[in-house]
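Undergrad: Got a sequence here, can you build the structure:
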Amino acid sequence: MTKRVDFTTVGVAQETIDDVVEVLDSGRFVKGPVGERFEDKFAEKTGVEHAVCVSSGTAALLLALRGAGIGPGDQVLVPGHSFFATVSPVLTLGADPVFVDIDPETYTMDPTDLAEKAADAANPEAVIPVHIYGLMADMAAIEAVAEEHDLFVLEDACQAHFAERNGVTAGDAGDAGAFSFYPSKNMTVAGDGGMVTTDDSDLARRMRQLRNHGRDDDGVHRALGLNYRLDETNAAVGVAQLGRVERWNRNRQTAAERYTDALANVSEVTTPTEPADASHVYHLYVIQSPDRDALRDHLESNGIDTGLHYGTALHEHPAVTDQIPSVTLPETEALVDRILSLPMYPEIPEGDVEYVTNTIREFYR
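TA: Prediction:
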């Protein structure tokens, strides 16, 4: 019988379920003390003054941009390699994305290309570096470009909960950071959810207003907002998971080390790069292979789930090409045909990692 290795698994501890039941018993389901506690604890753990919980990571990106005043005619610099939610809020607000190529080693935004694109842009107003797969972008270099061009810096940290680089925590490096708690992320809220972090009190106030139909504390609707609130039950799960996420991140790092060590002598496979100044939290463990599709079929035939994150460059999705001129990003376009995500979750058994890597070596023998 073929062994089965799932791509990821998600579970919630019994004590967390008890916390949710307590919220249900309270009858306070939205805009309550549990959400406020979640915000306070997340802000403290990230090292920022404010955290604003919202309904999804996409909402976090959208509200941060809107709170910063990004709108029609503004240009927002985004990397070519990320999930679609990095660019969709830009287009939704009527702003224009300017696509930046990636560093081929880290897959994060290339600061050199960013500098060139920012200099060429007619009206650059913001930049969204993505901490892809759990590795922070080179924020020191990106911040230097942003300062030169007076750009609002929004970290897309949706895959990098409490990752660090150069001693700085994800979400505490830019003007704001956006996080996702989708069930497959390093921590979840047992459903969709998100958070924005910032040291800017005015920005935090505007985002709280916008997530609640534009309503201010006095009950007057002072802006055109929608409902992007996070439920109290979701927040209860988030509070509980904050006490576990560091251990889970360490477990992911251990699993990543096992993958990397076992694949070190497979010349056809490129394993992830972790810069010396970074703490990668491995939301995903992504390899490169020139035989990606055939290798994926081989793994699937042996009971091993895999993923493609992401098989289409951001600037090549029809929803984008319908709205912007054609652009070429050589490193991004080369990467998306080679990447393959291997099974990764905090409690992945050592034997499963061994089975996956043995199956990859078998393919290349």
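Undergrad: Show the contacting residues for Arg28.
TA: For Arg28, the contacting residues are 34, 232, taking C-beta atoms under 8 Å, 6 or more residues apart in numbering as the criterion. Backbone N, C-alpha and C define where each C-beta goes, glycine included.
Undergrad: for this protein, which spans come out with low pLDDT?
TA: Judged by pLDDT under 70, the chain has its weakly predicted residues at 1.
Undergrad: which stretches of it form helices?
TA: Secondary structure of the chain, counting by DSSP state H: helices at 14-26, 33-46, 57-67, 88-92, 111-120, 139-149, 201-210, 232-242, 245-262, 292-301, 318-321, 330-335, 350-364.
Undergrad: could the ones you listed be laid out in a markdown table, adding distance to Gly177 and mean neighbour count?
TA: Formatted as a markdown table, these follow (distance: least, C-beta to C-beta, whole Å; neighbours: other C-beta atoms under 10 Å):
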| stretch | distance to Gly177 | mean neighbour count |
| --- | --- | --- |
| helix 14-26 | 24 | 14 |
| helix 33-46 | 7 | 19 |
| helix 57-67 | 8 | 27 |
| helix 88-92 | 14 | 19 |
| helix 111-120 | 18 | 17 |
| helix 139-149 | 10 | 18 |
| helix 201-210 | 11 | 19 |
| helix 232-242 | 15 | 23 |
| helix 245-262 | 15 | 17 |
| helix 292-301 | 31 | 15 |
| helix 318-321 | 24 | 12 |
| helix 330-335 | 23 | 17 |
| helix 350-364 | 30 | 17 |
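Undergrad: How is the protein partitioned into domains?
TA: In the domain annotation for the chain, the residue ranges read 14-242, 246-364 (automatic domain parsing).
Undergrad: out of those, which comes closest to Phe7?
TA: Judged by C-beta to C-beta, the one of these that comes nearest to Phe7 is domain 246-364, at 3.7 Å.
Undergrad: tell me, what residue is most central in the protein?
TA: Cys158 (2.3 Å; C-alpha atoms, centre = their mean).
Undergrad: Grab the nearest non-local neighbour of it.
TA: With sequence-adjacent residues excluded and distances taken as C-beta to C-beta, 6 or more residues apart in numbering, Cys158 is closest to Ser180, at 3.7 Å.
Undergrad: ok, now which ones touch that neighbour?
TA: 56-58, 60, 85, 158-159, 193-194.
Undergrad: Cheers, nothing more for now.
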